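Asks: quick one, structure for this:
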Amino acid sequence: MNTAKKDKRFSFEFFPPKTATGVEKLRDVRIKLAEKNPAFFSVTYGAGGSTRDGTKNTVTEIKQAGLSVAPHLSYGGDDTEALLELIAYYKSIGIDRIVALRGDIPSGTGSTRLIHANQLVEFIREHTGEHFHLEVAAYPEIHPQSKSYASDLHFFKQKINAGANSAITQYFYNPDAYFYYLDSARDHGINVPIYPGIMPITNYVNLARFSDACGAEIPRWIRKKLETYKDDMDSISAFGTELVTGMCETLLAGGAPGLHFYTMNQAEPTLALWENLGLD
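Replies: Residues are numbered from 1 along each chain as shown. You can find the predicted model right below:
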(Lines give C-alpha, C1' and ligand atoms only; values in the text may rest on other atoms or scores of the structure.)
Protein backbone atom coordinates (compact mmCIF):
# COMPACT_ATOMS: atom_id res chain seq x y z
CA MET A 1 0.00 0.00 0.00
CA ASN A 2 1.16 3.52 -0.74
CA THR A 3 2.81 5.01 2.35
CA ALA A 4 0.63 8.15 2.00
CA LYS A 5 -2.44 5.93 2.37
CA LYS A 6 -1.23 3.53 5.05
CA ASP A 7 -3.31 3.64 8.25
CA LYS A 8 -5.34 6.58 6.92
CA ARG A 9 -9.12 6.71 6.37
CA PHE A 10 -10.55 8.20 3.19
CA SER A 11 -14.23 8.79 2.50
CA PHE A 12 -16.40 10.50 -0.12
CA GLU A 13 -19.55 12.55 0.40
CA PHE A 14 -22.57 12.83 -1.92
CA PHE A 15 -25.82 14.75 -1.80
CA PRO A 16 -29.05 13.02 -2.88
CA PRO A 17 -29.94 13.91 -6.49
CA LYS A 18 -33.32 15.45 -7.23
CA THR A 19 -33.86 14.23 -10.80
CA ALA A 20 -33.65 10.95 -12.72
CA THR A 21 -30.74 12.39 -14.68
CA GLY A 22 -29.00 13.27 -11.44
CA VAL A 23 -29.52 9.73 -10.16
CA GLU A 24 -27.87 8.29 -13.27
CA LYS A 25 -24.99 10.75 -13.07
CA LEU A 26 -24.35 9.99 -9.42
CA ARG A 27 -24.40 6.27 -10.17
CA ASP A 28 -21.57 6.77 -12.68
CA VAL A 29 -19.65 8.97 -10.22
CA ARG A 30 -20.04 6.42 -7.45
CA ILE A 31 -18.76 3.59 -9.67
CA LYS A 32 -15.63 5.62 -10.53
CA LEU A 33 -14.95 6.60 -6.92
CA ALA A 34 -15.67 3.10 -5.60
CA GLU A 35 -12.59 1.92 -7.51
CA LYS A 36 -10.53 3.83 -4.91
CA ASN A 37 -11.88 1.61 -2.11
CA PRO A 38 -12.95 4.36 0.30
CA ALA A 39 -13.75 3.47 3.89
CA PHE A 40 -17.30 4.66 3.18
CA PHE A 41 -19.50 7.02 1.22
CA SER A 42 -21.72 9.47 3.10
CA VAL A 43 -25.00 10.98 1.92
CA THR A 44 -26.24 14.34 3.15
CA TYR A 45 -29.64 15.10 4.67
CA GLY A 46 -31.44 18.35 3.83
CA ALA A 47 -32.81 20.84 6.33
CA GLY A 48 -35.54 19.27 8.41
CA GLY A 49 -35.29 16.03 6.48
CA SER A 50 -36.21 17.79 3.23
CA THR A 51 -34.22 15.15 1.33
CA ARG A 52 -35.28 12.26 3.59
CA ASP A 53 -36.52 10.01 0.80
CA GLY A 54 -33.71 10.98 -1.54
CA THR A 55 -31.12 10.29 1.15
CA LYS A 56 -32.74 6.98 2.04
CA ASN A 57 -32.93 5.89 -1.60
CA THR A 58 -29.33 6.89 -2.33
CA VAL A 59 -28.06 5.17 0.81
CA THR A 60 -30.02 2.02 -0.05
CA GLU A 61 -28.65 1.87 -3.60
CA ILE A 62 -25.06 2.32 -2.42
CA LYS A 63 -25.52 -0.37 0.23
CA GLN A 64 -27.08 -2.75 -2.30
CA ALA A 65 -24.02 -2.24 -4.49
CA GLY A 66 -22.01 -3.82 -1.68
CA LEU A 67 -20.39 -0.61 -0.48
CA SER A 68 -20.09 0.92 2.97
CA VAL A 69 -22.31 3.98 3.35
CA ALA A 70 -23.11 6.42 6.14
CA PRO A 71 -26.36 8.38 5.99
CA HIS A 72 -26.39 11.86 7.47
CA LEU A 73 -29.17 12.29 9.99
CA SER A 74 -30.74 15.13 11.96
CA TYR A 75 -34.00 15.68 13.80
CA GLY A 76 -35.09 18.75 11.86
CA GLY A 77 -38.87 18.63 11.54
CA ASP A 78 -39.15 14.90 12.26
CA ASP A 79 -40.92 13.48 15.26
CA THR A 80 -39.37 10.79 17.42
CA GLU A 81 -41.28 7.91 15.83
CA ALA A 82 -40.26 8.91 12.29
CA LEU A 83 -36.65 9.13 13.37
CA LEU A 84 -36.77 5.76 15.12
CA GLU A 85 -38.33 4.19 12.05
CA LEU A 86 -35.58 5.55 9.82
CA ILE A 87 -32.81 4.41 12.17
CA ALA A 88 -34.39 0.96 12.41
CA TYR A 89 -34.54 0.76 8.63
CA TYR A 90 -30.87 1.64 8.28
CA LYS A 91 -29.96 -0.96 10.87
CA SER A 92 -32.09 -3.59 9.10
CA ILE A 93 -30.22 -3.19 5.79
CA GLY A 94 -26.82 -3.45 7.44
CA ILE A 95 -25.85 0.19 7.88
CA ASP A 96 -23.38 0.52 10.76
CA ARG A 97 -22.34 4.17 10.51
CA ILE A 98 -24.32 7.42 10.83
CA VAL A 99 -23.24 11.06 10.55
CA ALA A 100 -25.27 12.69 13.35
CA LEU A 101 -25.90 16.42 12.91
CA ARG A 102 -27.98 19.19 14.41
CA GLY A 103 -29.24 20.13 11.00
CA ASP A 104 -31.38 23.18 10.23
CA ILE A 105 -35.05 23.90 10.61
CA PRO A 106 -36.63 24.01 7.14
CA SER A 107 -37.93 27.43 6.16
CA GLY A 108 -41.65 27.91 5.94
CA THR A 109 -42.56 25.17 8.42
CA GLY A 110 -43.26 27.40 11.39
CA SER A 111 -41.23 25.01 13.53
CA THR A 112 -38.95 26.45 16.20
CA ARG A 113 -37.67 23.14 17.56
CA LEU A 114 -33.93 22.63 17.23
CA ILE A 115 -32.45 19.36 18.43
CA HIS A 116 -28.71 19.59 18.94
CA ALA A 117 -26.31 16.95 17.70
CA ASN A 118 -25.35 15.76 21.19
CA GLN A 119 -29.04 15.05 21.85
CA LEU A 120 -29.27 13.07 18.62
CA VAL A 121 -26.17 11.08 19.53
CA GLU A 122 -27.67 10.30 22.94
CA PHE A 123 -30.94 9.30 21.27
CA ILE A 124 -29.24 6.90 18.86
CA ARG A 125 -27.14 5.38 21.63
CA GLU A 126 -30.21 4.97 23.85
CA HIS A 127 -32.10 3.03 21.19
CA THR A 128 -29.34 1.14 19.37
CA GLY A 129 -26.49 0.86 21.85
CA GLU A 130 -23.11 0.61 20.17
CA HIS A 131 -24.42 -0.69 16.84
CA PHE A 132 -23.54 2.47 14.91
CA HIS A 133 -20.21 4.21 14.52
CA LEU A 134 -21.32 7.82 15.02
CA GLU A 135 -19.62 10.67 13.23
CA VAL A 136 -20.27 14.29 14.20
CA ALA A 137 -19.26 17.65 12.77
CA ALA A 138 -16.29 19.76 13.87
CA TYR A 139 -15.52 23.37 12.97
CA PRO A 140 -11.83 24.37 12.94
CA GLU A 141 -12.83 27.93 12.01
CA ILE A 142 -15.74 27.83 14.46
CA HIS A 143 -19.43 27.34 13.68
CA PRO A 144 -20.92 30.59 12.36
CA GLN A 145 -23.49 30.60 15.16
CA SER A 146 -21.00 29.98 17.98
CA LYS A 147 -20.48 32.81 20.45
CA SER A 148 -16.79 32.08 20.93
CA TYR A 149 -14.00 29.63 20.26
CA ALA A 150 -14.36 28.27 23.79
CA SER A 151 -18.11 27.73 23.51
CA ASP A 152 -17.66 25.95 20.19
CA LEU A 153 -15.21 23.51 21.75
CA HIS A 154 -17.58 23.07 24.70
CA PHE A 155 -20.41 21.99 22.42
CA PHE A 156 -18.07 19.77 20.42
CA LYS A 157 -17.04 18.00 23.62
CA GLN A 158 -20.71 17.50 24.50
CA LYS A 159 -21.14 15.53 21.27
CA ILE A 160 -18.14 13.35 22.05
CA ASN A 161 -19.23 12.79 25.65
CA ALA A 162 -22.67 11.75 24.36
CA GLY A 163 -21.06 8.86 22.51
CA ALA A 164 -19.70 10.04 19.17
CA ASN A 165 -16.78 8.00 17.85
CA SER A 166 -15.14 10.48 15.49
CA ALA A 167 -15.65 13.80 13.73
CA ILE A 168 -15.51 15.25 10.23
CA THR A 169 -14.67 18.92 9.87
CA GLN A 170 -16.23 21.67 7.86
CA TYR A 171 -13.97 22.32 4.87
CA PHE A 172 -11.23 24.92 5.19
CA TYR A 173 -8.24 26.21 3.23
CA ASN A 174 -5.94 27.02 6.13
CA PRO A 175 -4.23 23.92 7.54
CA ASP A 176 -3.04 25.90 10.59
CA ALA A 177 -6.69 26.29 11.64
CA TYR A 178 -7.07 22.50 11.66
CA PHE A 179 -3.88 21.83 13.60
CA TYR A 180 -4.67 24.53 16.17
CA TYR A 181 -8.18 23.11 16.55
CA LEU A 182 -6.73 19.63 17.00
CA ASP A 183 -4.43 20.84 19.77
CA SER A 184 -7.27 22.75 21.43
CA ALA A 185 -9.52 19.70 21.30
CA ARG A 186 -6.84 17.55 22.91
CA ASP A 187 -6.38 20.18 25.63
CA HIS A 188 -10.12 19.80 26.33
CA GLY A 189 -9.82 16.05 26.71
CA ILE A 190 -11.23 15.27 23.24
CA ASN A 191 -9.29 12.30 21.89
CA VAL A 192 -11.41 10.96 19.02
CA PRO A 193 -10.09 11.10 15.45
CA ILE A 194 -10.95 14.38 13.69
CA TYR A 195 -10.96 14.00 9.91
CA PRO A 196 -10.43 17.09 7.73
CA GLY A 197 -13.21 17.82 5.26
CA ILE A 198 -11.78 18.60 1.81
CA MET A 199 -13.62 20.72 -0.76
CA PRO A 200 -12.16 20.76 -4.29
CA ILE A 201 -12.15 24.17 -5.99
CA THR A 202 -13.91 24.15 -9.36
CA ASN A 203 -16.24 27.18 -9.37
CA TYR A 204 -15.16 30.28 -7.48
CA VAL A 205 -18.51 32.11 -7.51
CA ASN A 206 -20.38 29.16 -6.03
CA LEU A 207 -17.62 28.41 -3.54
CA ALA A 208 -17.47 32.01 -2.32
CA ARG A 209 -21.24 32.17 -1.84
CA PHE A 210 -21.38 28.86 0.00
CA SER A 211 -18.33 29.67 2.14
CA ASP A 212 -19.77 33.02 3.20
CA ALA A 213 -22.96 31.26 4.29
CA CYS A 214 -21.37 28.43 6.24
CA GLY A 215 -18.49 30.30 7.85
CA ALA A 216 -15.66 28.61 5.96
CA GLU A 217 -12.93 31.16 5.28
CA ILE A 218 -11.30 31.51 1.89
CA PRO A 219 -8.03 33.32 2.69
CA ARG A 220 -7.79 36.70 0.99
CA TRP A 221 -4.82 35.77 -1.19
CA ILE A 222 -6.73 32.76 -2.53
CA ARG A 223 -9.82 34.88 -3.26
CA LYS A 224 -7.71 37.45 -5.09
CA LYS A 225 -5.95 34.79 -7.12
CA LEU A 226 -9.23 33.12 -8.08
CA GLU A 227 -10.78 36.46 -8.99
CA THR A 228 -8.07 37.03 -11.60
CA TYR A 229 -9.28 34.00 -13.56
CA LYS A 230 -12.83 35.41 -13.90
CA ASP A 231 -14.79 32.80 -15.97
CA ASP A 232 -11.73 30.74 -16.96
CA MET A 233 -12.91 27.51 -15.35
CA ASP A 234 -9.90 25.51 -16.53
CA SER A 235 -7.50 27.88 -14.78
CA ILE A 236 -9.64 27.95 -11.66
CA SER A 237 -9.67 24.15 -11.57
CA ALA A 238 -5.92 23.86 -12.20
CA PHE A 239 -5.05 26.37 -9.49
CA GLY A 240 -7.58 24.84 -7.10
CA THR A 241 -6.25 21.33 -7.63
CA GLU A 242 -2.67 22.45 -7.00
CA LEU A 243 -3.67 24.41 -3.90
CA VAL A 244 -5.86 21.71 -2.33
CA THR A 245 -3.33 18.98 -3.15
CA GLY A 246 -0.68 20.89 -1.23
CA MET A 247 -3.03 21.38 1.69
CA CYS A 248 -3.89 17.67 1.79
CA GLU A 249 -0.19 16.78 1.74
CA THR A 250 0.40 19.13 4.68
CA LEU A 251 -2.54 17.68 6.61
CA LEU A 252 -1.51 14.06 6.10
CA ALA A 253 2.14 14.76 6.86
CA GLY A 254 1.09 16.64 10.00
CA GLY A 255 -0.82 13.67 11.39
CA ALA A 256 -4.37 14.01 10.09
CA PRO A 257 -5.96 10.54 10.38
CA GLY A 258 -7.34 10.70 6.83
CA LEU A 259 -9.47 12.88 4.57
CA HIS A 260 -13.19 13.26 3.84
CA PHE A 261 -13.83 14.58 0.33
CA TYR A 262 -16.88 16.74 -0.41
CA THR A 263 -17.33 15.55 -4.00
CA MET A 264 -20.36 17.69 -4.91
CA ASN A 265 -21.46 14.61 -6.91
CA GLN A 266 -18.53 14.95 -9.30
CA ALA A 267 -15.78 12.38 -9.78
CA GLU A 268 -13.05 14.26 -11.67
CA PRO A 269 -12.07 16.97 -9.12
CA THR A 270 -11.67 14.43 -6.33
CA LEU A 271 -9.90 11.93 -8.60
CA ALA A 272 -7.44 14.64 -9.62
CA LEU A 273 -6.58 15.22 -5.97
CA TRP A 274 -6.37 11.49 -5.36
CA GLU A 275 -3.91 11.04 -8.22
CA ASN A 276 -1.78 14.01 -7.17
CA LEU A 277 -1.58 12.63 -3.64
CA GLY A 278 -0.45 9.26 -4.95
CA LEU A 279 -3.12 7.39 -3.03
CA ASP A 280 -3.49 4.51 -5.51
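
Asks: if I look at the nearest residue to R9 once chain neighbours are set aside, how far off is W274?
Replies: With sequence-adjacent residues excluded and distances taken as CB to CB, 6 or more residues apart in numbering, R9 is closest to G258, at 3.4 Å. C-beta: built from backbone N, CA, C; applies to glycine. Per CB to CB, to the nearest Å, G258 is found 13 Å from W274.

Asks: quick revisit: residues contacting the residue nearest to R9?
Replies: Taking CB atoms under 8 Å, 6 or more residues apart in numbering, we find G258 in contact with 8-11, 39, 193, 195.

Asks: ditto for Y229
Replies: Residues near Y229 by CB under 8 Å, 6+ apart: 204, 235-236, 239.

Asks: flag the least confident of these.
Replies: Within the set of the contacts of Y229, pLDDT is lowest for Y204 (94).

Asks: what about M247, which helix or strand?
Replies: M247 belongs to helix 233-253 when elements are defined using DSSP states H and E.

Asks: ok now that helix, how far from the chain's centre?
Replies: Centre-to-centre, helix 233-253 and its host chain are 18 Å apart (CA atoms, centre = their mean, to the nearest Å).

Asks: in it, which residues are buried?
Replies: Counting neighbours by 16 or more other CB atoms under 10 Å, one finds that the buried residues in helix 233-253 are 236-237, 239-241, 243-245, 247-248, 251-252.

Asks: please apply the same query to stretch 86-94.
Replies: 86-87, 90.

Asks: okay, and which of the residues you listed map to helices?
Replies: The helices, defined by DSSP state H, take in 86-87, 90 from the buried residues of stretch 86-94.

Asks: and which of those is nearest D187?
Replies: Nearest to D187 among those: I87, at 33.6 Å, using CB to CB.

Asks: from P16, how far out is the closest one?
Replies: Going from I87 to P16 by CB to CB gives 18 Å.

Asks: just E217 next, same as before
Replies: From E217 across to P16, the span is 28 Å (CB to CB).

Asks: now do the contacts for the residue of the chain most remote from its centre.
Replies: Centroid-distance maximum for the chain: T228 at 29.2 Å, with CA atoms, centre = their mean. Listed by CB under 8 Å, 6+ apart, T228 has no contact partners.

Asks: again, but for F239
Replies: Here F239 is in contact with 201, 225-226, 229 (criterion: CB under 8 Å, 6+ apart).

Asks: now with 7 Å?
Replies: Listed by CB atoms under 7 Å, 6 or more residues apart in numbering, the contact set of F239 reads K225.

Asks: how close does it get to V59?
Replies: 34 Å.

Asks: same question for E135.
Replies: Distance, E135 to V59, using CB to CB: 14 Å.

Asks: please apply the same query to R30.
Replies: R30 sits 12 Å away from V59 when distances are taken as CB to CB.

Asks: likewise for S146?
Replies: With distances taken as CB to CB, S146 is found 30 Å from V59.

Asks: between the two, tell me which one has more neighbours.
Replies: Neighbour comparison, S146 and V59: the larger count goes to V59, with 24 against 16 (by other CB atoms under 10 Å).

Asks: is it fair to say the more buried one lies in a strand?
Replies: No. Looking at V59 with DSSP: H, G, I helix; E, B strand; the rest coil, it is helix, so not inside a strand.

Asks: and what about the residue nearest to it when sequence neighbours are not counted, helix, strand or coil?
Replies: Distance criterion CB to CB, 6+ apart; nearest residue to V59, sequence neighbours excluded, is P71 at 4.6 Å. Secondary structure, three-state DSSP: P71 is strand.

Asks: between the buried residues of stretch 86-94, which is nearest E268?
Replies: Closest approach to E268 among the buried residues of stretch 86-94 (CB to CB): Y90, at 30.0 Å.
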